[in-house]
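> Coordinates only, no sequence provided:
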């Protein structure tokens, strides 16, 4: 579903932030993308979405390699089709939820995709029901909790029925209860998922595979249960064991 082939990218000439990165993500996989600050995680997401690199029309002096989404190369000519396949849940839900109510936020993208109002509201209802969130439908975004807003942001993206779900720090700043709600929701979704997070316990609970980035390169790629128990590997790459394994 996702292919990075020897991808190198620099925002400034001669200063690559991603170097010779290669990985494949199969349809239906849930992959954790981890690494210390500055490792290249956000840049990989931007490259996928066409917000940086060839999808944004960057010249060859800043980019080398190939990025494919479901067989489509990430190039300006394919961006519209690629973005129909990708759903991106931002780290800060306030940057994503910009309409007065949850309903209006969820309807916005659907109406702009050509749906009638009735069709869009039916899609909203089916999405909220599937997540057990119907009680949020008519609530004002500025009056709901951080956890509720995070779940509403997920629902807004899912209503567009993307094939791939990209999530940036989905549990950051959540209390323990809402964190568990988000984890259960992630595990219930059938989409291909790539999740970036410093919450390695959440990554352990949701991802079958982990890609560890360090200095813009792939430092490790394998089963989450192996990589997230490897204290030597994590420490060498400025990370710590998940809390559940510390002191074990």
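Perfect, I can see it now. Given the structure is predicted, the values throughout are model-derived calculations rather than measurements.
> could you say what helices and strands the longest helix seen in the chain packs with?
Looking across the chain with DSSP state H, the single longest helix is helix 117-131. Applying 3 or more Cβ pairs under 8 Å, 6 or more residues apart in numbering; DSSP states H and E, we find helix 117-131 packed against helix 102-112, helix 146-158. Using the backbone N, CA and C atoms, a C-beta is placed for each residue, glycine as well.
> so where's the chain uncertain?
248 (pLDDT under 70).
> Tell me where it has helices.
According to DSSP H, the chain carries its helices in the segments 41-49, 79-85, 102-112, 117-131, 146-158, 176-188, 200-206, 224-227, 231-236.
> quick one on the thing from earlier: got TSV for the helices and strands packed on helix 117-131, with mean neighbour count and distance to residue 67 too?
Listed next are the helices and strands packed on helix 117-131 as TSV, based on neighbours: other Cβ atoms under 10 Å; distance: least, Cβ to Cβ, whole Å:
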stretch	mean neighbour count	distance to residue 67
helix 102-112	19	24
helix 146-158	23	21
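> related to what we said a few turns ago, now do the longest helix of the chain against helix 102-112: the angle between them, please.
Computed by axes from the mean of the first three to the mean of the last three Cα atoms, to 10 degrees, the angle separating helix 117-131 from helix 102-112 equals 130 degrees.
> Helix 176-188 and helix 117-131, what's the angle between them?
Using the same axes, to 10 degrees: helix 117-131 against helix 176-188 is 110 degrees.
> can you pull the buried residues of helix 117-131?
120-121, 123-124, 127-128, 131 (16 or more other Cβ atoms under 10 Å).
> could you redo the helices and strands packed on helix 117-131 as TSV and give each row distance to residue 222?
Compiled in TSV, the helices and strands packed on helix 117-131 are given as follows (distance: least, Cβ to Cβ, whole Å):
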stretch	distance to residue 222
helix 102-112	36
helix 146-158	27
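> closest to residue 39 out of those?
Smallest distance to residue 39 across these (Cβ to Cβ): 23.5 Å, for helix 146-158.
> And that closest one, what does it pack against?
Here helix 146-158 touches strand 86-89, helix 102-112, helix 117-131, strand 164-168, helix 176-188, going by 3+ Cβ pairs under 8 Å, 6+ apart.
> Of all those, which one is nearest residue 57?
The minimum distance between residue 57 and those falls on strand 86-89, with 18.1 Å, by Cβ to Cβ.
> Partner strands of that closest one and their direction?
Applying DSSP bridges, strand 86-89 is found paired with strand 164-168 (parallel).
> what angle separates the partner strand from helix 41-49?
Going by the same axes, to 10 degrees, strand 164-168 makes 150 degrees with helix 41-49.
> Now tell me what touches strand 164-168 from outside.
Under the contact criterion Cβ atoms under 8 Å, 6 or more residues apart in numbering, strand 164-168 has outside partners 1-2, 42, 45, 48-49, 69-70, 85-91, 154, 157-158, 186, 189, 191-197.
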